[in-house]
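Chemist: Turn this into a model:
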Amino acid sequence: MLKPAPAAPDPASSRLDALFAALSDPVRRSILERLDGHDLLVSELASAYDISLQAVSRHIQVLVHAGLVTQARTGRISRCSLEAAPIAEAATWINRYAKYWDAQFRTLAEHLLEIENRRGGG
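Modeler: Alright, predicted model coming up:
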């Protein structure tokens, strides 16, 4: 029996995979925080960490691959900038599930109110 060919990867799903992988590391999240509102040289970014310049460069490349950072090179100098659009895409994806959290929080609030009323607090 022949197996069906695997479906082509969904580009939106691949972008989210790269984004969440990039955000999974605390150093990369810290780099994004440092770039918020600032364009910084790789050497300026690296100075904040107790890791090698090469390690910081690898982290930056992961962020570039995820679309979170752009690099502008002038000779040997590389300036990094934050690209926030992919974060908005992730927030949109996450917010699709807010309806489930909202329902759980409403249920919890109702239970807490019942407990408070039974104790004579309400």
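
Chemist: Alpha carbons of the helix or strand of the chain with the lowest mean pLDDT, as CSV, please.
Modeler: The helix or strand of the chain with the lowest confidence, counting by mean pLDDT, DSSP states H and E, is helix 98-118 at a mean of 87. This file holds the C-alpha atoms of helix 98-118, laid out as CSV (Å, rounded to 0.1, in the frame of the first residue of the first chain):
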residue,chain,number,x,y,z
ALA,A,98,-8.1,33.6,24.8
LYS,A,99,-11.7,32.5,24.7
TYR,A,100,-10.7,29.3,26.5
TRP,A,101,-8.8,31.2,29.2
ASP,A,102,-11.6,33.7,29.6
ALA,A,103,-14.1,30.9,30.2
GLN,A,104,-11.8,29.3,32.8
PHE,A,105,-11.3,32.5,34.6
ARG,A,106,-15.0,33.2,34.7
THR,A,107,-15.6,29.8,36.1
LEU,A,108,-12.9,30.3,38.7
ALA,A,109,-14.3,33.7,39.7
GLU,A,110,-17.8,32.2,40.1
HIS,A,111,-16.4,29.4,42.3
LEU,A,112,-14.5,31.9,44.4
LEU,A,113,-17.6,34.0,44.8
GLU,A,114,-19.6,30.9,45.9
ILE,A,115,-16.9,30.1,48.5
GLU,A,116,-16.9,33.7,49.8
ASN,A,117,-20.7,33.7,50.0
ARG,A,118,-20.7,30.4,52.0
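
Chemist: chain center to it, what's the gap?
Modeler: How far helix 98-118 lies from its chain's middle: 29 Å, per CA atoms, centre = their mean, to the nearest Å.

Chemist: Buried residues in it, which are they?
Modeler: For helix 98-118, a neighbour-count test (16 or more other CB atoms under 10 Å) marks nothing as buried. From N, CA and C alone the C-beta is placed, and that goes for glycine too.
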